[in-house]
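A.B. asks: coordinates for the following, if possible.
(one chain, ligands or ions: 1)
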Amino acid sequence: MNEVSIGRSELRSILITGATGGIGAELAKRYAKPGRILILWGRNTERLQQLSTFCCSKGAIVLPRQIDLTDGEAALAAFHEDDTQYPLDLIILGAGLSDIQPEGCATERPESALKLAQVNYATPVALATAAAERMIPREHGKISFIGSVAGYYELPFAPSYSSSKAGLARFAEAARLGWGPKNIQVTLIAPGFVDTPMSQRLEGDRPFLVPAEKAARLIMTAIAKNKREYIFPWPFRALRVWERLLPRIAREAILSKIDAKQK
Ligand SMILES: NC(=O)c1ccc[n+]([C@@H]2O[C@H](COP(=O)([O-])OP(=O)(O)OC[C@H]3O[C@@H](n4cnc5c(N)ncnc54)[C@H](OP(=O)(O)O)[C@@H]3O)[C@@H](O)[C@H]2O)c1
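C.D. replies: Next up, the predicted model:
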C-alpha cells in the first residue's frame, strides 16, 4: 500500500505512551496488524520486549522506546525523532501514575505530587502540543488522552491525581476547540475502575470494574468515532449527569466522607 492510497481515516502509525501498562498493552495488541507502525513507549524493558514480540507476530512494525516521562524535554525530543521517522496518525497519551495520601498522613508526599503532575499532566500536554504542531500542516491526526473519572471530583485523599486528570480534561477540551477546525480529532477517555496493576493496588471495592481487554475495545471504538469525551463504564456516565444536579454543599459532604487506601 503506498502513501497515495492511504485514506485520511487509515491509522497507519500510532504512538502509545504507557504501552507497558494494563490498558496500554491491550491497546497495542488490538491495534497490531500487518503493515501498521506501532511506536510503543514505556519504562519496563522486559514488558516492552514481550509486547513488541507479540505485536510483531501480528504483522505490525514495532518501535519500542524505553523512556521516563518525568523528563519532559527528553520526551519531546523522542517524539520529534519518532514522528520524523514515521509521521503519526494517532497518539494515545496513556501513561499515568496514581497515588493516595499515605495512611496517617495529612498530605500526599510532595515528591510524589511533583512526579504525578509531570507524568499525568505536564508531559502529556507537551506531547499533545508537539503532535498537533506536526499534524496540523499534514491536515489530519488524532490525539487521545487517557484521563479518569477521578478528574471530575475533588478527591480529598488524592488531590494530585484528581487534579492532574482534571487539568488533562480541561486541556483536551480547549485543544479540541482550537485544533478541531484544523482537522485534528481530540478525544478524552475517562475510565472508572479498570482491572490493571494501577487499580489492583487499591484496597477495598472497585465498583463496576472493567477488564483491561474490554477497556481497550471501548477506547478504540471511541477514538474511531472521534468522540469528544468518553466516560466508561456507563454507571459513571450516569453519575456524571446526576452529580451536576447536586448542590455544592451536598457534593462536598459526600466527597469528604469518601476514603481510599492503597497497598
Ligand atoms: N486502572 C484504572 O482503574 C484506571 C482508571 C482511570 C484511569 N486510568 C488511567 O489509565 C492510564 C493507564 O493506566 P493503567 O490502568 O494501564 O495502569 P498501569 O497498568 O499501572 O500502567 C501505567 C503505565 O504508565 C507508565 N508510566 C508510569 N510512570 C511512568 C513514567 N514516569 N514514565 C513513563 N511511563 C510511565 C507505566 O510504565 P512502566 O510500567 O513501564 O513503568 C505503564 O505503562 C493511566 O493514565 C491511568 O491514570 C486507569
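A.B. asks: neighbours around the residue nearest to Ser148 when sequence neighbours are not counted, how many?
C.D. replies: Nearest in space to Ser148, with sequence neighbours left out and distances taken as CB to CB, 6 or more residues apart in numbering, is Lys165 at 4.3 Å. All C-beta spots, glycine's among them, are computed from the backbone N, C-alpha and C. As a burial measure, Lys165 scores 27 neighbours (other CB atoms under 10 Å).
A.B. asks: what about the biggest helix by length in the chain, near the ligand?
C.D. replies: In the chain, taking DSSP state H as the definition, the longest helix is helix 159-179. No. Helix 159-179 lies out of reach of the ligand by CB under 6 Å from any ligand atom, never closer than 6.8 Å.
A.B. asks: contacts for that helix?
C.D. replies: Residues external to helix 159-179 that are found in contact with it (CB atoms under 8 Å, 6 or more residues apart in numbering): 97-100, 108, 112-113, 116-117, 120-121, 124-125, 128, 132, 136, 143, 145, 147-148, 150-155, 186-188, 190, 228-229.
A.B. asks: recalculate using a threshold of 7 Å.
C.D. replies: Contacting residues not belonging to helix 159-179 are listed as 98-99, 108, 112-113, 116-117, 120-121, 124-125, 128, 132, 136, 145, 147-148, 150-151, 153-155, 186, 188, 228 [CB atoms under 7 Å, 6 or more residues apart in numbering].
A.B. asks: for stretch 191-211, same thing?
C.D. replies: Residues from elsewhere that reach stretch 191-211 (CB under 7 Å, 6+ apart): 21-23, 98, 148-149, 212, 215, 232-233, 235-236, 260-263.
A.B. asks: show me the helices in the protein, by range?
C.D. replies: So, for the chain - with DSSP H - the helices run 22-31, 45-57, 72-85, 110-117, 123-138, 159-179, 197-200, 212-224, 234-243, 248-257.
A.B. asks: could you single out the nearest of the contacts of stretch 191-211 to the ligand?
C.D. replies: Gly21 (2.1 Å; CB to the nearest ligand atom).
A.B. asks: now do the closest one, the pLDDT please.
C.D. replies: Looking at Gly21, its pLDDT reads 98.
A.B. asks: could you report the neighbour count for it?
C.D. replies: Counted with other CB under 10 Å, Gly21 comes out at 24.
A.B. asks: what does Leu116 give?
C.D. replies: Leu116: 24 neighbours (other CB under 10 Å).
A.B. asks: wait, it touches Leu97, no?
C.D. replies: Yes. Leu116 lies in contact with Leu97 (CB atoms under 7 Å); the separation is 5.0 Å.
A.B. asks: ok, for Arg228, nearest residue in space, not its chain neighbours?
C.D. replies: Spatially, and ignoring its direct neighbours in sequence, Arg228 is nearest to Arg176 (6.1 Å; CB to CB, 6+ apart).
A.B. asks: ok, now Leu48?
C.D. replies: Spatial nearest neighbour of Leu48, excluding adjacent residues (CB to CB, 6+ apart): Pro64 at 4.4 Å.
A.B. asks: that neighbour: what's it in contact with?
C.D. replies: Here Pro64 is in contact with 40, 48-49, 52 (CB under 7 Å, 6+ apart).
A.B. asks: and stretch 235-255, end to end?
C.D. replies: 18 Å (CA to CA, to the nearest Å).
A.B. asks: so what touches that stretch?
C.D. replies: Here stretch 235-255 makes contact (CB under 7 Å, 6+ apart) with 149, 152-156, 192, 208, 231.
A.B. asks: fine, thanks again, bye for now.
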